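**Student:** Give me a 3D structure for the following:
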Amino acid sequence: MKVVVGITGASGSIYGYSLIRLLHKKGIELAIVMTQMGEKVMNYECGITREEIEKYGAVYDNDDLFAPIASGSYQVDAMVVIPCSMNSLGQIANGMGDTLLARSASVALKEGKKLIMVVRETPYSIIAMENMLKLGKAGGIIMPASPGFYHKPTKIWELVESITYRVLDRLGIEAKEAVRWK
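**Tutor:** Down below sits the predicted model:
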């Protein structure tokens, strides 16, 4: 299985890092694209550099429209944008393809692949909600980064992984370690 992971400049880059680690651990081939702000926020919030992310898969520059993930002929199974900023959501919802992240998401939609957007913003503006609706109608999956608490988390990682396990569920990847409602 091949998955494209996009990381934007929204707060919550720990979600992207968690997903990349879990997918890599499960043997999933990763193509990763970070926006410039995504890279900066990852470093600021988590102390993680691009070099650390490169240990988990191929990392492409957001302005590299010659990257293989920019083409529908390059076969991937799904794309997850995690965290997804409202700016990136707007670009994707409105068919803007001038960055690798937006182009790859457009390719996922046109090729009928799963496109999961883990939005991390509050509150939502009317424009953001309209963009989420537009993407949902186009086949995208909107997943707010809103962890549950029924598993009685005591650590930040337990909250974070509750969201990343839900993403794995949507990708069809078994996560036996996920705490389920009983």
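**Student:** Just to be sure, Y60 is in a helix?
**Tutor:** No: under DSSP: H, G, I helix; E, B strand; the rest coil, Y60 sits outside any helix and is assigned strand.
**Student:** Now do the lengthiest helix in the chain: everything it contacts.
**Tutor:** Longest among the helix segments of the chain by residue count, using DSSP state H, is helix 156-171. Counting by CB atoms under 8 Å, 6 or more residues apart in numbering, helix 156-171 makes contact with 1, 3, 14-15, 18-19, 22-23, 26, 77-78, 80, 82, 114, 116, 118, 141, 143, 145-148, 151, 153, 174-175, 177-179, all of which sit outside it. C-beta coordinates here come from the backbone N, C-alpha and C atoms, glycine included.
**Student:** Just the buried positions in it, please.
**Tutor:** Residues of helix 156-171 classed as buried by neighbour count (16 or more other CB atoms under 10 Å): 159-168, 171.
**Student:** Which one of the residues you listed is nearest to A108?
**Tutor:** Nearest to A108 among the buried residues of helix 156-171 is L171, at 12.2 Å by CB to CB.
**Student:** any idea how far that closest one is from K113?
**Tutor:** 11 Å (CB to CB, to the nearest Å).
**Student:** wait, what's in contact with A175?
**Tutor:** Going by CB under 8 Å, 6+ apart, A175 touches 22, 165, 168-169.
**Student:** Widest-spaced pair of these?
**Tutor:** Pairwise distances across the contacts of A175 peak at 11.7 Å for L22 and D169 (criterion: CB to CB).
**Student:** For stretch 32-42, list every residue counted as buried.
**Tutor:** 32-35, 37-39, 41-42.
**Student:** Stretch 88-107 now?
**Tutor:** Result for stretch 88-107 [16+ other CB under 10 Å]: buried residues 88-93, 97, 99-107.
**Student:** what about dumping the CA coordinates of it to CSV?
**Tutor:** Provided in CSV are the C-alpha atoms of stretch 88-107 (Å, rounded to 0.1, in the frame of the first residue of the first chain):
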residue,chain,number,x,y,z
SER,A,88,-4.9,24.3,2.2
LEU,A,89,-8.5,23.1,2.6
GLY,A,90,-9.6,26.1,0.6
GLN,A,91,-7.0,25.6,-2.2
ILE,A,92,-8.0,21.9,-2.5
ALA,A,93,-11.8,22.5,-2.4
ASN,A,94,-11.5,25.1,-5.1
GLY,A,95,-9.3,23.1,-7.5
MET,A,96,-6.1,25.1,-7.0
GLY,A,97,-3.2,23.0,-8.1
ASP,A,98,-0.3,25.3,-7.9
THR,A,99,1.5,23.5,-5.0
LEU,A,100,2.4,19.8,-4.8
LEU,A,101,0.1,19.3,-1.8
ALA,A,102,-2.9,20.8,-3.5
ARG,A,103,-2.1,19.0,-6.8
SER,A,104,-1.7,15.7,-5.1
ALA,A,105,-5.0,16.1,-3.4
SER,A,106,-6.7,17.0,-6.7
VAL,A,107,-5.1,13.9,-8.2
